[in-house]
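Participant: Give the three-dimensional model of this entry:
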Amino acid sequence: MATLGHVAVGVVAARWRASRPGALPLGVAMVGLSALSLLPDEDFIAFRLGIPYAHPLGHRGMTHSLVFAVLVGLLVALALRLRGRPALGDALLATVVVASHGVLDAFTTGGLGIEFLWPFDTRRFFAPLRFIPVAPLGARMLGERGLRVLVTEAVLFLPAWAYAFWPRRHRPPSDTARRPGGLTQHW
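Facilitator: Model (predicted):
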């Protein structure tokens, strides 16, 4: 899969989060959550390090696992707590965004599958339905096949892009939301 679908998840998550109290500026949230949605593909460096694709540290291995997504969520929670910000909701959102990467890759038409259950199980899995074309690696992405993959992803994720960027009436953000009983909830 190319990056358009993964980035679409990040911008949709940011748009959704922007409608909640205590949100970061939308542009900042879109960049940050899109970066998190792409984070699992940092395993691409394994090719340069001579780590085989099929190795647990290879492409679509441990960085595409649910445990990795939870670890990133915990790091986000820690960073938010150190800054004195409420952490639970944003850490859960970060976990879901990172986990979405492996889920989307499982719907692709190529590769070796996704190591969802690392470190407990290193088998790789695909979704039963595989309709997202796998992107060519490296410079081949700039060729005709890569362009077809990008166009296909743009069409598949058009509803997500529309949701993320459709103009909205501006409402001033609030830092807290009042709950019944006078309790204040941050998130």
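Participant: Please, which helix or strand holds the most centrally placed residue in the chain?
Facilitator: The structure's the chain has its C-alpha centroid closest to Ser37; by CA atoms, centre = their mean the separation is 2.3 Å. Per DSSP states H and E, Ser37 falls inside helix 26-38.
Participant: And the average pLDDT for that helix is what?
Facilitator: On average, the pLDDT along helix 26-38 is 96.
Participant: what's the distance between it and the middle of its chain?
Facilitator: 9 Å (CA atoms, centre = their mean, to the nearest Å).
Participant: in the helix or strand following that helix, what counts as buried?
Facilitator: Downstream of helix 26-38, the next assigned helix or strand under DSSP H and E is helix 45-48. Buried residues in helix 45-48, counted by 16 or more other CB atoms under 10 Å: Ala46. From N, CA and C alone the C-beta is placed, and that goes for glycine too.
Participant: what does stretch 51-63 give?
Facilitator: Within stretch 51-63, the residues scored as buried using 16+ other CB under 10 Å are 51, 58-63.
Participant: ok, and what's touching it?
Facilitator: 39-44, 46-47, 68, 102, 105, 111-115, 118-119, 122, 124 (CB atoms under 8 Å, 6 or more residues apart in numbering).
Participant: got CSV for the buried residues of stretch 51-63, with pLDDT and distance to Arg15 too?
Facilitator: Compiled in CSV, these are given as follows (pLDDT from 0 to 100; distance: CB to CB, whole Å):
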residue, pLDDT, distance to Arg15
Ile51, 96, 36
Gly58, 96, 33
His59, 94, 29
Arg60, 96, 27
Gly61, 97, 31
Met62, 97, 30
Thr63, 98, 25
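Participant: Tell me the one of those nearest Leu156?
Facilitator: Arg60 (19.3 Å; CB to CB).
Participant: so who does Val76 touch?
Facilitator: Neighbours of Val76 in contact, by CB under 8 Å, 6+ apart: 36, 87, 90-91, 94-95.
Participant: Just the buried residues of the contacts of stretch 51-63.
Facilitator: Buried residues within the contacts of stretch 51-63, counting neighbours by 16+ other CB under 10 Å: 39-41, 43, 46, 68, 102, 105, 111, 113-115, 118, 124.
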